[in-house]
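1. Quick one, what's the 3D model for this:
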Amino acid sequence: MIKFITSPQDMRLSDVETAQYDQIVDYVTEISLNLMAVKVTNRPEDFLGWCNELYNYVRYGINMDLLDEKHEKPLQKLLQLLEKSITCRQVKTSRITPWPFLKNFLLEQADRQALAERLRLLNYISSLRISTLADMSDLERLAFAGKHLSAHEPTKFDFDVELFGSTRGAKALHELLQHTPSLLDDALSAIPLEGEVSEADYKEFVTRYTAAFATLDKAKAGLFAATRLLAMRRPDVFMVLTAPKVDALCQGLGLVKLKPTDFSRYWVDIIEALHRQPWFKSAQPEDVTELELWNNRVVLFDLFFFVDKDFADKSNYLKLKNKPVVVRTSTGGRTRATGVVRQKRTKESAIEAVDRLLAEPDLPAYLQNKRDSMIIEVEKGKSATEVMLLIRAIFG
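-> This is a model prediction of the structure:
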């Protein structure tokens, strides 16, 4: 393991990679005794491969029963740093990637990244584009904007609407969607449904989009939520930005970190940079299956961002689809449950429910600090969402 850990010193690392490696080693040092018990079976000679291997050793090789509590936080920090380093390197590689290589990369990542489910979402959104947001149902609007509800029945919505990026925290956006969706329709109409999208088109969208938020009291237009709408409008032109993505994306493209209100730099530094890459400028393929990927090639840039191998299993769609169902019948004036009976919430399920909510990006620190209290309340029978809303009301 020591030889494996030090092997990047013999690689030709960039300044960014050298800085990342130094940070990784700092966290490795704190859990070194646990890592020494892990058997090394593969020794990549490139930094990307090395990061992937170390991630697997740390994530799946360490005996967690022997890990001291004080080392849990360094281990999580190490995993986060490795995820960022892998993403950064993959984004950097994309800058010289021709379309055939990108297509193969997307297909190689298909199972891990839930590509089939992503394409079902994109195909569904494609069927909505002939309608305006004002003409859509509430559930259709939320599917377009990226906010999952339990009402998204799996038989109709056979995908997680929050793939590519969730807008759950964008309250002002959802207020507009609910009450004045025509204002957002006016903004999106600046982006043509076919053909080239110019910088002038984008600037007009930004002008109308920010004007829509000016109709709300003390609301500001956020870039990240806007990119979700843009990418659903034109998945061949725009990609979705979220707070967790920005740092690694900007490092991979060699940029100063983007601010969540920097609409101008999103076009100039991100979109124009992607449009200059070989895979974007490739000719339209004739193969039908390949064409589906090509028509969504910019939004599918999301697959360059590292996800754990259980990412696909965490889909909101699958959770709803596999959720136990209670069927009630009336017998002798009494109601009893038949079929699959929902069992009393266990401690493990309470933890999972709370952690799922706390995994949302940009949550305030006071919510994270109330994790144990939330779990206790959920174990008593309350829903995790109900408990979070209560804590927000008290402490927010």
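2. now the helices for the stretch 1-150 of the chain?
-> All helices of the stretch 1-150 of the chain, identified by DSSP state H, counting those that start in this stretch, fall at 2-6, 15-30, 32-35, 47-56, 72-94, 99-108, 115-128, 138-145.
3. before we move on, what about the stretch 251-396 of the chain?
-> Using DSSP H, counting those that start in this stretch, helices in the stretch 251-396 of the chain cover 263-265, 272-275, 288-295, 316-321, 347-358, 365-369, 371-379, 384-395.
4. These into JSON lines, with extra columns for distance to E69?
-> From N, CA and C alone the C-beta is placed, and that goes for glycine too. Below are these laid out as JSON lines (distance: least, CB to CB, whole Å):
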{"stretch": "helix 263-265", "distance to E69": "42"}
{"stretch": "helix 272-275", "distance to E69": "43"}
{"stretch": "helix 288-295", "distance to E69": "45"}
{"stretch": "helix 316-321", "distance to E69": "30"}
{"stretch": "helix 347-358", "distance to E69": "16"}
{"stretch": "helix 365-369", "distance to E69": "17"}
{"stretch": "helix 371-379", "distance to E69": "14"}
{"stretch": "helix 384-395", "distance to E69": "24"}
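5. I24 is nearest to which of those?
-> helix 365-369 (24.2 Å; CB to CB).
6. buried set for the closest one?
-> L367 (16 or more other CB atoms under 10 Å).
7. what packs against it?
-> In terms of contacts (3 or more CB pairs under 8 Å, 6 or more residues apart in numbering; DSSP states H and E), helix 365-369 is packed against helix 384-395.
8. Check which helices and strands the helix it packs on sits against.
-> Using 3+ CB pairs under 8 Å, 6+ apart, helix 384-395 sits against helix 347-358, helix 365-369, helix 371-379.
9. Now stretch 193-201 - C-alpha only, CSV.
-> Only the C-alpha atoms of stretch 193-201 are listed here, as CSV (Å, rounded to 0.1, in the frame of the first residue of the first chain):
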residue,chain,number,x,y,z
LEU,A,193,-36.0,25.1,-30.2
GLU,A,194,-33.9,24.3,-33.3
GLY,A,195,-30.8,25.6,-34.9
GLU,A,196,-28.0,27.7,-33.5
VAL,A,197,-28.4,29.5,-30.2
SER,A,198,-26.5,32.7,-30.2
GLU,A,199,-25.0,34.7,-27.3
ALA,A,200,-27.7,37.4,-28.0
ASP,A,201,-30.4,34.7,-27.6
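10. quick one, phi/psi of the closest residue to R297 other than its chain neighbours?
-> Among residues not flanking R297 along the chain, D236 sits closest, at 6.1 Å (CB to CB, 6 or more residues apart in numbering). Main-chain dihedrals, D236, degrees, to the nearest 10: phi -90, psi 0.
11. D236 is in contact with N295, isn't it?
-> Yes. Between D236 and N295 a contact is recorded at 5.5 Å, counting by CB atoms under 8 Å.
12. Tell me the spacing between L142 and F157.
-> Per CB to CB, to the nearest Å, L142 is found 10 Å from F157.
13. Name all residues that make contact with S383.
-> When the contact criterion is CB atoms under 8 Å, 6 or more residues apart in numbering, the partners of S383 are A353.
14. give me every residue that touches H174.
-> L142, A145, K147, T167.
15. how about the host helix or strand of it: buried residues?
-> Secondary structure from DSSP states H and E places H174 in helix 171-179. Using 16+ other CB under 10 Å as the test for burial, helix 171-179 gives A172, L173, H174, L176, L177.
16. that older thread, could you check how far the residue nearest to R297 is from I375?
-> Distance from D236 to I375, by CB to CB: 44 Å.
17. thinking again about what came up before, which of the contacts of H174 are buried, as a ChimeraX select command?
-> Applying 16+ other CB under 10 Å to the contacts of H174 leaves a buried subset, and the ChimeraX line that selects it is:
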select :142,145,147,167
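18. With respect to D22, which of the contacts of H174 is nearest?
-> T167 (35.8 Å).
19. Run a quick check on the closest one versus K147, I expect a contact.
-> Yes. With contact defined as CB under 8 Å, T167 reaches K147; the gap is 5.5 Å.
20. sorry, back to before: looking at D236 and I375, which one has more neighbours?
-> Neighbours per residue (other CB atoms under 10 Å) separate D236 from I375, with I375 holding more: 19 against 15.
21. tell me what the one helix or strand L183 maps to is packed against?
-> Using DSSP H and E, L183 maps to helix 181-188. On a contact count with 3+ CB pairs under 8 Å, 6+ apart, helix 181-188 meets helix 171-179, helix 199-213, helix 223-233.
22. Deepest in the core, which of these is it.
-> Across those, the average number of neighbours (mean count of other CB atoms under 10 Å) peaks for helix 223-233, which reaches a mean of 24.
23. Which helix or strand in the chain has the lowest average pLDDT?
-> strand 334-339 (a mean of 44; mean pLDDT, DSSP states H and E).
24. Show residues contacting stretch 351-360.
-> Against stretch 351-360 from outside (CB under 8 Å, 6+ apart): 166, 168-169, 367-368, 371, 374-375, 378, 383-385, 387-388.
25. got the residues you listed as JSON lines, with pLDDT and distance to Q109 columns?
-> Shown next, in JSON lines, are the contacts of stretch 351-360 (pLDDT from 0 to 100; distance: CB to CB, whole Å):
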{"residue": "S166", "pLDDT": "94", "distance to Q109": "20"}
{"residue": "R168", "pLDDT": "92", "distance to Q109": "25"}
{"residue": "G169", "pLDDT": "91", "distance to Q109": "27"}
{"residue": "L367", "pLDDT": "76", "distance to Q109": "32"}
{"residue": "Q368", "pLDDT": "75", "distance to Q109": "30"}
{"residue": "R371", "pLDDT": "80", "distance to Q109": "32"}
{"residue": "M374", "pLDDT": "80", "distance to Q109": "34"}
{"residue": "I375", "pLDDT": "79", "distance to Q109": "34"}
{"residue": "V378", "pLDDT": "79", "distance to Q109": "34"}
{"residue": "S383", "pLDDT": "78", "distance to Q109": "34"}
{"residue": "A384", "pLDDT": "78", "distance to Q109": "31"}
{"residue": "T385", "pLDDT": "77", "distance to Q109": "32"}
{"residue": "V387", "pLDDT": "75", "distance to Q109": "36"}
{"residue": "M388", "pLDDT": "78", "distance to Q109": "32"}
